[in-house]
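Chemist: sequence and predicted structure are below.
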Amino acid sequence: MKKVIVIGGGAAGMAAALAAAGSGASVVLVEKNEKLGKKLFITGKGRCNLTNAADMKEVQEHVVSNPRFLFSAFRAFTNADIMRLVEENGCPLKTERGGRVFPVSDHSWDVINALEHALKKAGVRIRLNTSVKKLLTVPCDSGEDGKKQDSRVTGVLLSGGEVLEADAVILATGGLSYPSTGSDGDGHRFAGETGHRVTEMLPSLVPMNVKEHAAGELMGLSLRNVEIRILDGSKEKYREFGEMLFTHFGVSGPVILSASAVAGPLLKKKELKLLIDLKPALSAEQLDRRILRDFSEALNKDLRNALTDLFPARLISEVLFQAGLDPSLKVRDITKEERGRLVRTTKGLLFTLTGLRGFTEAIVTKGGVSVKDVDPSTMQSKVVKDLFFAGELLELDAMTGGFNLQIAWSTGFLAGKSATGC
């Protein structure tokens, strides 16, 4: 019976342990925290958006970094597979807007309990509060199929000095996001020490900083049903419809978090423009007619008091400022040209993005162990024989909506199954 060690008790690690045990291996799951799934516990604002119910082809289309690397993993273990696994172990699920899948209870702990139940049934030995100090390797002349591999993993050295021997080791230690959950870069260090390339890591699915002070003055204001555009000069880099939020430092909310996955690398080098279409359902001509109708009923009002049906009250001053309009101007005195400026500003409220917030606020990590050093058909290292990688540790990231967790489940399962030689 093969001995497999899985390092990391998050989504990818639990999936890997289940797959390895299900393929007949003796599995030890090593987790440095006091419980499994610590990051899983806080996902989806504590509700655990564990996957997305879209067709797997669409799931792959939502992967931002290296989507083609995931062909084999997504075939090996689909969203239907993780949903079935969780439900068969006592946690019923529901699908909400955008295909997001949650436990019916809205409690992430129920998903973790279901997975723990499955792990115990499969005979996986779980060691909590256990840290790994280093991977143990020996020289290796050649790998399978004649491919050169520098070394072979033989086990791990624990922080207390104990050695655990293994036929295969699976690294599933996560990225750098939410470091309070234990994601402190250990896996990247292990990878680097054994000769793997680790690409630059950035926070992703994270709020962004804005240059203008107005964003802070609008703190707490949520905008629904808006369309945002991210521009690099005149080139559009991202466009999305949905909800956003102003904060004391800039902007956040679903569409902003998703935009950060694309904007992040660019913001390392330059500032970007954020344009907000406050009325995306209306063309410029339709919006102008709407404004004329509202103005016809408020001819004697100050402009700032005639826009309360069009904008949130707190936003009016900023719209008028960017349009270059005097808030005290009487509606009856507004010219066609001034009304045109109001229309253009409404369709493109402008802010300047200056950077990303840190890893403590990021949902996932962009970058990590280079996929060039990993076989996508098995998740085995091309450098160290019998060493496998899974989850956020790899340079794989996707948009919000359960897609990142599906990457974890799929790569974890494929790594676990491959580690047993199945």
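Modeler: That came through fine.
Chemist: could you use CA atoms for every contact and neighbour count after this?
Modeler: Will do.
Chemist: now do the helices in the stretch 201-350 of the chain.
Modeler: 214-217, 254-267, 284-296, 316-323, 336-346 (DSSP state H, counting those that start in this stretch).
Chemist: of those helices, which approaches residue 401 most closely?
Modeler: Across those, residue 401 has its closest neighbour in helix 254-267 (9.3 Å, CA to CA).
Chemist: contacts for the closest one, please.
Modeler: 64, 202-208, 228, 230, 237-244, 272, 353-356, 366, 398-400 (CA atoms under 8 Å, 6 or more residues apart in numbering).
Chemist: apply 7 Å and report the result again.
Modeler: Around helix 254-267, the neighbours that count as contacts under CA atoms under 7 Å, 6 or more residues apart in numbering are 204-207, 238, 240-244, 354-356, 399-400.
Chemist: got it, and stretch 155-170?
Modeler: 2-7, 131-136, 153-154, 386-389, 415, 419.
Chemist: buried ones in it?
Modeler: Within stretch 155-170, the residues scored as buried using 16 or more other CA atoms under 10 Å are 155-158, 163-170.
Chemist: try stretch 330-348
Modeler: Applying 16+ other CA under 10 Å to stretch 330-348 flags 330-331, 339-348 as buried.
Chemist: including distance to residue 220 and pLDDT, could those go into CSV?
Modeler: Output for these, formatted as CSV (distance: CA to CA, whole Å; pLDDT from 0 to 100):
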residue, distance to residue 220, pLDDT
330, 30, 95
331, 29, 93
339, 28, 97
340, 29, 97
341, 26, 98
342, 24, 98
343, 25, 98
344, 25, 98
345, 21, 98
346, 20, 98
347, 21, 98
348, 20, 98
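Chemist: so for residue 406, which of the helices of the stretch 201-350 of the chain sits nearest?
Modeler: So among those, helix 254-267 is nearest, using CA to CA, at 16.3 Å.
Chemist: got the CA coordinates for that closest one in CSV?
Modeler: Provided in CSV are the C-alpha atoms of helix 254-267 (Å, rounded to 0.1, in the frame of the first residue of the first chain):
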residue,chain,number,x,y,z
PRO,A,254,-18.1,42.2,-6.5
VAL,A,255,-17.3,43.9,-9.8
ILE,A,256,-14.2,45.7,-8.4
LEU,A,257,-12.9,42.4,-6.9
SER,A,258,-13.2,40.7,-10.2
ALA,A,259,-11.6,43.6,-12.0
SER,A,260,-8.6,43.4,-9.7
ALA,A,261,-7.7,40.0,-11.2
VAL,A,262,-7.1,41.8,-14.5
ALA,A,263,-5.9,45.2,-13.3
GLY,A,264,-3.5,44.0,-10.7
PRO,A,265,-0.4,43.3,-12.8
LEU,A,266,-0.9,46.6,-14.7
LEU,A,267,-1.3,48.6,-11.5
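Chemist: buried residues in it?
Modeler: By 16+ other CA under 10 Å, the buried positions in helix 254-267 come out as 254-265, 267.
Chemist: could these go into CSV alongside distance to residue 79 and pLDDT?
Modeler: Listed next are those as CSV, based on distance: CA to CA, whole Å; pLDDT from 0 to 100:
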residue, distance to residue 79, pLDDT
254, 22, 93
255, 23, 96
256, 25, 97
257, 23, 96
258, 21, 94
259, 24, 96
260, 25, 97
261, 22, 95
262, 24, 95
263, 28, 96
264, 27, 94
265, 29, 94
267, 33, 96
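Chemist: pick the one among the buried residues of stretch 155-170 closest to residue 99.
Modeler: residue 170 (30.2 Å).
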